[in-house]
Structures are given as structure tokens and as C-alpha cells.
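Asks: starting from these lines, generate the structure:
(2 chains)
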Amino acid sequence: MDLTWSDAEEAFRAEAREWLQANVPESPLPSGDTREGFALHLEWERRLFDARWAVVSWPEQYGGRDATLWEWLIFEEEYYRAGAPQRVTQNGIFLLAPTVFEFGTQEQKDRILPRMAAAEDLWCQGWSEPNAGSDLAAITSRADRVDGGWRLNGQKTWTTRGAFCNWLFGLFRSDAGSERHRGLTYLLVPLEADGVTVRGFGRLDGDEGFAEVFFEDVWVPDENVLGGVDDGWNVAMATTSSERGLTLRSPGRFVATTDRLLELYRSGGDPAPSPARLHGRGLRDRVVRAWIDAEAYRLFTLQAVTAAVEGRPPGAEASLNKLWWSEMDVRLHETALDLLGPDAEREGAWSKGWQFALSGPIYAGTNEIQRNIAAERILGLPRR
Amino acid sequence: MHFGFTDDELLLRDAVRALFERECPPDVVRAAWDAESLDRRVWDALAQMGVPGVLVAEASGGLGLDELSLVLLLEESGRAALPHPMVETAAVAAPLLGAGLGARLVATDLGGVLVPCAGDADLLLLRAPDGLRAFERAAVTVVPEPTVDRARRAGLVQCRPEDGTLVTGDEGAIDLAFDRGALGTAAQLVGLAQRMLELTVAYAKERRQFGVPIGSFQAVKHRLADALLQVEFARPAVHRAAWSVAHDVADRARDVSMAKAMASDAALHVAGAALQCHGAIGYTVEYDLHLWMKRAWALARAWGDGGWHRDRVGRAIGV
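Replies: This is a model prediction of the structure:
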């Protein structure tokens, strides 16, 4: 075991820190899950790309730096430490890109990845449907074979930032007679295509962060099939472990939130209950627990990255990641709100963060599903 | 950066695991509950392998390894619910006393007033006004105490400081000895939790109700998934703390306390899930689960409980 960074890694950290210090907007941007905020976030994404910080772990030919997983972790730590904007491109670069790298043809890589990195194409995920949520294999949106491509019909929903994106990656039933996870195909769909209707709607926190997407005889060419026809389930599973695992939610994010929580605690202490402040004691222990939780997630990630570097990528363990970070995020925001006491009712960063944290145990596969996966695939408990 | 173990470290762990499987089955733990004196066969086998001297320099007859090896071996002793005072001897005493410990057993009150194996130890390391003193067994009076886990064989120790010899008066050395004890106990708690989880998973696969294994019910699955989560996140905290002690980093106390707090909470959590998922059979003394569960209850609060250690973490991080 060696828990120190090499000189090269420290130099990488210093370079990232310096650039972020000079470039992160001084006042926070409006939420990237609103139309106005999304546009401002795109400007930021392009600035990141121009300085080659948008996709550090990708090969240089696609706009990255060929950074190691360790350097990627360092970049993320610095990114969140600097209070840099949310990544509105995340669903492309963290969820679709790993699948393109694994299953895409050379032509697809060249066509898709550079534009994704430069935030010229903005990708949203089209998996969930009104009747296929936790039960993802219940997908009914169809892709029918036509000359040179596919004709799509159906509906996707809960599509994050769908109203602001121009491409969707999704699963469609390509074998009409198939059931469950067989007979699905992973397709890349331009949202500007004829027959696509996107309707944005409000999330719990009030932002128009969700969309439902309707497909009515939408034509997609063969070149937009990712991986094998009817093999979409296997292709898609490659992104689920990215989504649940370390790439979507790196420890840096939670370490930074916890640092803000410690600041909040230090600025107000653990006030005694009083008629004016109607909250209780015991908050210090919860603040320490929050710090421990975030630090434990960092250590778990170091262990997972070590395994990945040694050629043992995460499998079902990604479900444990997801359970930990999503439930930790709720607890640490809850602790912040309790520190704020009655002021927690005001709109503000903690209140907004709390409402967003509440979505964590639901998206990327509900935590009930993650617990099933952990119990069945890690512990080996019987499915039925 | 490398968060993992060397092949040699893992090979030694595997050898010790095999030794415990052979020499320390549940019957040995059970026998320690009521035995007049502690059966030393397991301990002698460990001493043959040099395990008590894991932290002692090779030049002094030890294995010359560090706390990373130590926690792997102590995790195995937790899995086995070993009754012998391995934390007290290998983690706490051996680095202070160095050569010549051989197969002797050491007890100490550094982890709390209830001293495990107080009556069985050959040597006792006890707090005195001027530091830490070593006493021969015959130089102290041991009053056995009825405790929940009788395999811990705990007792109260009375002594006159002048009957012992001063081992160290350096508070820094005593703090380090305490941190090694807390770290070692955290490792044992992870091992205990792991074993309770395995026992419960095996039972849930086998036990049938309503015509199916109870492990197929989501209520049981989710409870055991939560137990797994606690163990899998406590373990890296213990491993990191071992590294921090081995390299004497500035955050050593913070890291040890984080590890002990997480391991204590995890073991108590898993014990609760294990008992509930077993149902009535877990609530008997004929079934083995209680041997591990009661050890977990004791160790979770020995060497500082979760709240005590979180307080220490809080001071280290400035809250």
C-alpha cells in the first residue's frame, strides 16, 4: 500500500488547480437544469474543452489528456474543491462515452466523441419509460427495421436535461416478438429528427430538468446502432456500472460538500435548543459522521481504482458505491439543514442541494434495485 | 498510489486463516467460555508461525512486518472469534517489549477497565502514575467479572505499581500503543462482522419458509445488503488506518478513530441484522451466532466506542 501521490501526479494537480483558480466563474452560474443556466454552462464547457480539461481521461485525439484513473480522481477533487460549475455534459461523457469506447466502430468514435467533448453535441439518456422504470427490461418503445435503418415509435421519460439536448442514446425493442432484456437495440437518436417531440417538465426543485420524449415514425440510419442489433441490453449494462460506480459520482464532489458542511458548523456551532432556534443538539456527531462517510467513500474509491488499474474492473460492487454516495448525500444535506434550523426553509444552496440529493436514491437504478443486485450478485442470495 | 496489499501480505493472511480454520473452530471458542484455564493450542500454533511477533524487528526474532500485515491477521482472528488476547499481545505489547515474548500471552488495561484474559495472561501491561508498567501474573490480583462474552475471560486487575517494571513513561509511546490497540480491535470487528454476515447468508439460503428460502425475500435481502455495505466500507478505513500507523503520519489518531468508529458501528449493525434474519435459532446458545455477536458487542465498546472515536475525529478536523 502506498497512499502518496507521485511527483507527476502532484504536478498534474497543481496544473489543474491553477487553471481552475484562474477560470472558475466567481459567482455561481444559475442552475444548468434551466434553459438560461444551461446556455451559460455550455460556455463553461467550451472553455474547459479549449483548455483540454473537459474529458481528461480520454485519448488526446478526442480532446482528452490520456490521464490515468488516478489523475482523473485528482482532477475531480480539484474541480469540486474549486466550486466549479455542474457538468451539464455529464450524461454524454460519463455514461455514453464509456459505451462508445467499448462498443463503437472507429467511424462512430470519430463522429461522436470529439463533438461530445466540445459540447457541440449534447446527449441525454433515453432509457426509462412510463412503464419501465426500475423494471427497465419492460421497455416497449419500438425500433422497426426499414431500408437502411430503423423506424422508432414510443415514449421515453424522466430524461434529464432532455429539453436542452440535441441527441439521445436509448434502448428500443428491435425484435417485436422479444421479451424482457432480449431483442433490444442501443440507438443514437438526433432529437431534431422529424417525428420527435420533446416536452420539458419541472422537477421537485422547480427546474425544468426533466423531459419526456415522444417518437412518431422517427427514422434513424444503421450507423446509429451502437453495438449489435438486438444486443442492446448488454451494451447498456456497460453504462450502468459507470453510472453507479465511480465515474459519475467521484469522491471529490462529496469531500467538497462536506468541507462546506464543516464551514457551516464552525460558523454557527451547535446551538443549544432555544425558543428562537427550534432545533436540537447532537449535531456535532452528525457533522463528524458526514465527514467520515465522505472520507470512507474516498477510500472505497481508491480501493476500487487500484483494482481497476490491476485489471479487475468493478462489477456488482458498483451497486455498493451507489448506495453509499446517494444515501450519504441525503444525510449530509439533512445535517446542514438541521444546522440552519428554521433558516433551512429559505431557498438557498443547501435547500437546493438537499432537493437534488433526494433524487440520488431514485435515479441510476433505485436503491431498492441496488440492494437486490448486491444481495443476489455479491452475496449470492436466491433471486426468487 | 496503491490501495491494496502485496502478494506476500495476502499469503501470510491465507496461512493464518487456514490455521484458524483448523485450530480454532467454534468448539474452541465455546470451550473458552467455561474452561478453568485457557487452552493454548491455537496460540502455540500462532507463536510457531511467529504471528505474535509480527511487528517485532527480524533482528529481534520477530517477523519484521508492519501494521498492514497486522490488521489482515487480526481480521482473521476476528473471523475465528479467537479467545486469546491477540490484539493485546501482538499489536500493543510486542512492539513495546520486543524480543523474548515467545508464546507468552499479554493482557492490558489500555483498552478499558475490564481486562480480557486477565487471569490467563503471563504478563500484564498496566497503566501506572508514571507510565505503563509490566507485571508478572503472580504480582497482580485478578478478580474475574461476569461478562456477556465469557470467552473474553475478562477481569478486574489490582496491582501495586512498585511490583511492576516501567516499560515506558513516554505519553507519545503510550498513545501509539493505544492507537495500535484500537486499530487491532477495529480489524477484529471487521472480521467478526464478515463472519456473522457469511453465517447469516448461508442460513438464509438454506432455511425455507412459505416453500422458498428466506433469502429470496426482499426484506431479508435488503437487510443483508445493508450489512454488506457497512462491512465493505469499514474495511478500507481499517486498512488506511493501518497505513497511517505504519508510516506514523500526522493524521494517525484521526485515521485510527475513523476506523474504530466505522468498525464498531458496522459490527453492531451486522450483529443486529444477523440475529433478526436468523430468527429464533439465532436467539439460542446452542447455535454459534451468539459467540460472534457477543464478541462484537464487547469489542464495539472496548478501546473507545463509536461516539468516543468520532469525538476524537471531530477534534482532529476542527469541529
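Asks: per-domain residue ranges of chain A.
Replies: Using automatic domain parsing, the domain parsing of chain A gives A:7-88, A:123-230, A:245-378.
Asks: now those domains as TSV including mean pLDDT?
Replies: Shown next, in TSV, are these (pLDDT from 0 to 100):
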stretch	mean pLDDT
domain A:7-88	95
domain A:123-230	95
domain A:245-378	89
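Asks: same list (the ones you listed) but as TSV, adding distance to chain B.
Replies: From N, CA and C alone the C-beta is placed, and that goes for glycine too. Listed next are these as TSV, based on distance: least, CB to the nearest CB, whole Å:
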stretch	distance to chain B
domain A:7-88	5
domain A:123-230	12
domain A:245-378	4
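Asks: out of the ones you listed, nearest to B:Gly314?
Replies: Proximity to B:Gly314 (CB to CB) singles out domain A:245-378 among those, at 4.3 Å.
Asks: how much distance is there from the closest one to the middle of the chain?
Replies: Domain A:245-378 sits 15 Å away from the centroid of its parent chain (CA atoms, centre = their mean, to the nearest Å).
Asks: ok so, going back, CSV for the domains of chain A, including distance to B:Tyr203 and mean neighbour count?
Replies: Output for the domains of chain A, formatted as CSV (distance: least, CB to CB, whole Å; neighbours: other CB atoms under 10 Å in any protein chain shown):
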stretch, distance to B:Tyr203, mean neighbour count
domain A:7-88, 39, 17
domain A:123-230, 28, 18
domain A:245-378, 14, 19
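Asks: export those domains to CSV and tack on distance to B:Gly169?
Replies: Formatted as CSV, the domains of chain A follow (distance: least, CB to CB, whole Å):
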stretch, distance to B:Gly169
domain A:7-88, 40
domain A:123-230, 60
domain A:245-378, 32
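Asks: out of these, nearest to B:Gly100?
Replies: Nearest to B:Gly100 among these is domain A:245-378 (37.0 Å), distances taken as CB to CB.
Asks: quick check, B:Arg207 in contact with B:Ile214.
Replies: Yes - using CB atoms under 8 Å, B:Arg207 makes contact with B:Ile214 at a distance of 5.1 Å.
Asks: neighbour-wise, which of the two wins?
Replies: B:Ile214 (21 against 15; other CB atoms under 10 Å in any protein chain shown).
Asks: ok, that one - contacts?
Replies: B:Ile214 makes contacts with B:204, B:207-208, B:220, B:277, as judged by CB atoms under 8 Å, 6 or more residues apart in numbering or on different chains.
Asks: which of those sits closest to B:Val148?
Replies: For those, the residue nearest B:Val148 by CB to CB is B:Cys277; the value is 20.9 Å.
Asks: what strand or helix carries that closest one?
Replies: Element membership of B:Cys277 [criterion: DSSP states H and E] is helix B:252-278.
Asks: who are the packing partners of that helix?
Replies: When contacts are defined as 3 or more CB pairs under 8 Å, 6 or more residues apart in numbering or on different chains; DSSP states H and E, helix B:252-278 sits against helix A:283-309, helix B:171-206, helix B:218-246, helix B:289-301, helix B:306-316.
Asks: tilt between the first one and helix B:306-316?
Replies: Spelled out, it's helix A:283-309. For helix A:283-309 against helix B:306-316, the angle by axes from the mean of the first three to the mean of the last three CA atoms, to 10 degrees is 90 degrees.
Asks: got the angle between helix A:283-309 and helix B:252-278?
Replies: Per the same axes, to 10 degrees, the angle that helix A:283-309 makes with helix B:252-278 is 90 degrees.
Asks: what do you get for the longest one?
Replies: Using the same axes, to 10 degrees, the direction of helix B:171-206 lies 20 degrees away from that of helix B:252-278.
Asks: ok, is helix B:171-206 in contact with chain A or not?
Replies: Yes - legend: contact between helix B:171-206 and chain A by CB under 8 Å from any CB of the partner chain is shown at B:197, B:201, B:204-205.
Asks: would CSV of the residues you listed with pLDDT and neighbour count be doable?
Replies: Converted to CSV, the residues of helix B:171-206 next to chain A look like this (pLDDT from 0 to 100; neighbours: other CB atoms under 10 Å in any protein chain shown):
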residue, pLDDT, neighbour count
B:Leu197, 98, 24
B:Val201, 98, 22
B:Ala204, 98, 24
B:Lys205, 98, 16
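Asks: just put those in JSON lines and tack on distance to B:Arg295.
Replies: Shown next, in JSON lines, are those (distance: CB to CB, whole Å):
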{"residue": "B:Leu197", "distance to B:Arg295": "14"}
{"residue": "B:Val201", "distance to B:Arg295": "19"}
{"residue": "B:Ala204", "distance to B:Arg295": "22"}
{"residue": "B:Lys205", "distance to B:Arg295": "24"}
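Asks: now, among those, which is nearest to chain A?
Replies: When these are ranked by distance to chain A (CB to the nearest CB), B:Val201 comes first, at 5.0 Å.
Asks: now that closest one: how far from B:Asp288?
Replies: Distance, B:Val201 to B:Asp288, by CB to CB, to the nearest Å: 14 Å.
Asks: can you check A:Gly252 too?
Replies: To B:Asp288, A:Gly252 is 43 Å away according to CB to CB.
Asks: helix or strand: which one has A:Arg17?
Replies: helix A:7-23.
Asks: right, and the helix or strand after that helix?
Replies: By DSSP H and E, the next helix or strand past helix A:7-23 is helix A:35-50.
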